[in-house]
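Colleague: Below are the sequence and a predicted model for it; my questions follow.
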Amino acid sequence: MSKDELAIYFDGEGADLLLSKISELLDGKGNVEHVGCLRLLRGDPEEAMIELRLNVLDRLEMKNNSLLLDMSSDALEYAFHQLSEFLRTGYFFPSEFWSFSREGRKYDTQVFFGKLTFVKMTFLTPA
């Protein structure tokens, strides 16, 4: 992925949790929602946080272990649709989610949704 792309991967539980938070924003139950998650840093998972904020503009910011997403109602509705379809079908199509402006960047950052798959590692002992 380039510097202007970001992928967010979900399993069913994570998609369901984010879907419930988006639903609360769309229903007017608040302006900010937080979702705990994991992020990979140099291949190692560490705890992180996604903060969703209802806003007029679509903007993305990354700070320490947080992903801050200012999202318009259109972006929230599309996220709701994509996550609902993922829970129904088991995949994202299309994987492109939304473009977000980002301070200091010439181009918008394209965010993609993907299915989290677990790779089972087998270590073989030489005979």
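Modeller: All right, it came through fine.
Colleague: Helices of the protein, start to end?
Modeller: Taking DSSP state H as the criterion, the chain contains helices spanning 12-26, 73-89.
Colleague: Which residue would you name as the spatial centre of this protein?
Modeller: Nearest to the mean C-alpha position of the chain, by C-alpha atoms, centre = their mean, lies residue 8 at 4.1 Å.
Colleague: what sits against the closest residue in space to that residue that isn't next to it in sequence?
Modeller: What sits nearest to residue 8 in space, not counting adjacent residues and going by C-beta to C-beta, 6 or more residues apart in numbering, is residue 113, at 5.8 Å. The C-beta positions use only the backbone N, C-alpha and C, and glycine is treated the same way. Residues near residue 113 by C-beta atoms under 8 Å, 6 or more residues apart in numbering: 7, 8, 9, 10, 82, 83, 86, 92, 95, 97.
Colleague: among these, who's most crowded?
Modeller: Using other C-beta atoms under 10 Å as the neighbour test, the contacts of residue 113 are led by residue 83, with 23 neighbours.
Colleague: Now that one. Nearest residue, chain neighbours left out?
Modeller: residue 19 (4.4 Å).
Colleague: hang on, the one you found packs against residue 87?
Modeller: Yes: counting by C-beta atoms under 8 Å, residue 19 does reach residue 87; the two are 7.1 Å apart.
Colleague: Name the residues that touch the helix or strand of the chain with the lowest mean pLDDT?
Modeller: Lowest mean confidence among the helices and strands of the chain (mean pLDDT, DSSP states H and E): strand 32-41, at a mean of 83. Under the contact criterion C-beta under 8 Å, 6+ apart, strand 32-41 has outside partners 14, 17-18, 21-22, 24-25, 45-54, 65, 67.
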